[in-house]
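*Asks:* Structural data only, the sequence is not supplied:
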C-alpha cells in the first residue's frame, strides 16, 4: 500500500474517524437509555404515551453537522489531490508522457509504415466484428474493404444507411440504377471528397447532375451536409475517405443494419493512430470471389 497517496490516506483517516465517532455515539446513547429522564418543555403533543418536547439541538449533533460541512468544502476545493501526489494523477502524467514520446517516434511514417501500424490497430480494435479480412463476416458488420471508395457510396445509395446521428435521420435506398449510383460515387470521390480521385473519371459529369437531383436536398449543393441551409443536417461528404471522417465515427459510434457500433472514445487513439487506421482501411481490397 502506498501511504504517500493522499487518496488512500484520506480514505483510511475518514474510516477511522467514522469508526471512533460511531462507537462514541453508541456509548453515549446506550448510557442515556439507561439513566436519562425526559427533560424540556412539552409542546402538548402526545401519542401512545410518547410526548414531544421543545429541546434544543444537542451540541454534539450540531458540531458534527458543521464539521462534516466544513470538511466537505475543504475536501472538494482543497483536500482532493489536484496539486498533490495521487495514483490517478501519476497515471495521467505517464499517459501524457508516453503519448508525447509516441507521437515523436511515429510522426514521420511513410505510407507503408502507416498501413502496417494501422493493420495492427485494426486487429486489436476492429477485427472482432469486421473480421480479419475486414469484409464484415457475412454481414455481421460493415464491409470495410469498401470504405472511402466508390463501392461504399454505391452500397449506401442502393441499400441506404442508418449511420451517425444527423437531423436528416436514416437514409433510405434511392432506387437508382447501378450505372447512376456509379456516376454519383465517381462525382463524390472526384469533386466533393478531399480524396479528389476516382476510378471512373468519365462518369463524373453525369454524376454531378444526378447528385443535384437525388442528394443535394440533404447533403447540400456542395455535399457538405448543409441541406436546406442547415449546417450538420447530413454527413459532410467532403470528409469522406479522410481521417477526420473516420475519427468522427470512432468517437460517436455508428448505427448499422444489424446493430450499433459503440464509441471507441475509451481507446484514446492518438491522431497518428487514427491516420494509420484510415490508411490501412483505404488500402484494403475485397477478397470475395
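*Replies:* Received, thanks. Computed from a predicted model, the values in this text were never measured in an experiment.

*Asks:* Show the subsequent helix or strand relative to the lengthiest helix in the chain.
*Replies:* As assigned by DSSP state H, the longest helix anywhere in the chain is helix 6-35. Using DSSP states H and E, the helix or strand that follows helix 6-35 towards the C-terminus is strand 42-47.

*Asks:* mind listing what that following strand pairs with, with the direction of each?
*Replies:* Here strand 42-47 has these sheet partners by DSSP bridges: strand 50-53 (antiparallel).

*Asks:* what's in contact with the strand or helix carrying residue 122?
*Replies:* Take DSSP H and E as the rule and residue 122 turns out to sit in helix 111-125. Contacts to helix 111-125, defined as CB atoms under 8 Å, 6 or more residues apart in numbering, come from residues 106, 109, 130, 132, 134, 264, 267, 269, 273, 275-281, 283. Placement of C-beta: from N, CA and C, glycine included.

*Asks:* now, which of those residues lie within helices?
*Replies:* 106, 130, 273, 275-281, 283.

*Asks:* Specify which member of the residues you listed is nearest to residue 87.
*Replies:* Nearest to residue 87 out of these is residue 273 (CB to CB; 25.8 Å).

*Asks:* how about the nearest residue to the closest one, chain neighbours excluded?
*Replies:* Computed as CB to CB, 6 or more residues apart in numbering, the closest residue to residue 273 that is not its neighbour in sequence is residue 121, at 5.8 Å.

*Asks:* Mark which of the contacts of helix 111-125 are buried, thanks.
*Replies:* When neighbours are counted using 16 or more other CB atoms under 10 Å, those contain these buried positions: 106, 109, 130, 134, 264, 269, 273, 275-281.

*Asks:* and of these, the nearest to residue 203?
*Replies:* Nearest member of those to residue 203, counting by CB to CB, is residue 281, at 23.7 Å.

*Asks:* Could you double-check that the closest one lies in contact with residue 146?
*Replies:* No: Residue 281 is beyond contact range of residue 146, at 9.7 Å (criterion: CB atoms under 8 Å).

*Asks:* What are the phi and psi values at residue 241?
*Replies:* phi 90, psi -10 (degrees, to the nearest 10).

*Asks:* wait, isn't it in contact with residue 190?
*Replies:* No: look at residue 241 against residue 190 with CB under 8 Å: they stay out of range, at 11.5 Å.

*Asks:* Between those two, point out the one with more neighbours.
*Replies:* In this view residue 241 and residue 190 are compared by other CB atoms under 10 Å, and residue 241 has more residues nearby, 24 against 21.

*Asks:* how about the nearest residue to the more buried one, chain neighbours excluded?
*Replies:* Excluding the flanking residues, the one nearest residue 241 by CB to CB, 6+ apart is residue 148, at 3.4 Å.

*Asks:* and that neighbour, how many neighbours?
*Replies:* Residue 148 has 20 neighbouring residues, counting by other CB under 10 Å.

*Asks:* same deal with the one 3 residues further on?
*Replies:* By other CB under 10 Å, the residues close to residue 151 number 16.

*Asks:* Please report the distance of it from residue 241.
*Replies:* As defined by CB to CB, to the nearest Å, residue 151 lies at a distance of 12 Å from residue 241.
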